[in-house]
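> sequence? don't have it. structure:
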């Protein structure tokens, strides 16, 4: 497995934000194969795409540790962020691998 992205998140949305709980991240690569998610057990979150001047869509919802995402749900060149976390007692890291 190769790490294609690492993202950080606070346990709640950032001050002044409805959904966003961490900075943007992008993919280092994407082979098109399924994407595996690693994070703290018991934490659930969404992955949203940062769209300049538009409404940010949710590209993966209710993601948990051990989840498998389709390889085509995240694309190279886009900016994503962790959103709507629940179950976290502190900040956490999300690692995406293929």
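The structure has been received and is ready for your questions. As the structure is a prediction and not an experimental result, all values here were calculated from the model.

> going forward, measure contacts between C-alpha atoms and count neighbours the same way
Will do.

> strands along this structure, start to end?
3-9, 35-38, 44-49, 58-63, 68-69, 80-86, 92-97 (DSSP state E).

> what strands line up against the third one, and which way round?
Just to be clear, that refers to strand 44-49. Partners of strand 44-49 in the sheet, by DSSP bridges, are strand 58-63 (antiparallel), strand 80-86 (antiparallel).

> so what's residue 12 up against?
Contacts for residue 12 were tallied using C-alpha atoms under 8 Å, 6 or more residues apart in numbering; they are 21, 84, 85, 86.

> burial check on residue 41, number of neighbours?
The number of residues packed near residue 41 is 11, by other C-alpha atoms under 10 Å.

> do I have it right that it meets residue 67?
No. Assessed by C-alpha atoms under 8 Å, residue 41 is found out of contact with residue 67, at 11.0 Å.

> could you find the closest non-adjacent residue to residue 36?
residue 68 (4.7 Å; C-alpha to C-alpha, 6 or more residues apart in numbering).

> for residue 81, same thing?
Nearest in space to residue 81, with sequence neighbours left out and distances taken as C-alpha to C-alpha, 6+ apart, is residue 24 at 4.7 Å.

> with residue 64 instead?
Distance criterion C-alpha to C-alpha, 6+ apart; nearest residue to residue 64, sequence neighbours excluded, is residue 44 at 4.9 Å.

> what's the neighbour count on that neighbour?
Count around residue 44 with other C-alpha under 10 Å applied: 18.

> I'd assumed residue 89 was in contact with it.
No. Residue 44 lies out of contact with residue 89 (C-alpha under 8 Å); the separation is 11.8 Å.

> returning to that earlier point: so among the contacts of residue 12, which ones count as buried?
Buried members of those, scored by 16 or more other C-alpha atoms under 10 Å, are 21, 84, 85.

> list just the nearest of those to residue 8.
When the buried ones among the contacts of residue 12 are ranked by distance to residue 8 (C-alpha to C-alpha), residue 21 comes first, at 8.3 Å.

> isn't that closest one up against residue 83?
Yes. Residue 21 lies in contact with residue 83 (C-alpha under 8 Å); the separation is 5.2 Å.

> okay, and the beta partners of residue 37?
residue 96.

> what separates residue 43 from residue 84, distance-wise?
Between residue 43 and residue 84 the computed distance is 10 Å (C-alpha to C-alpha, to the nearest Å).
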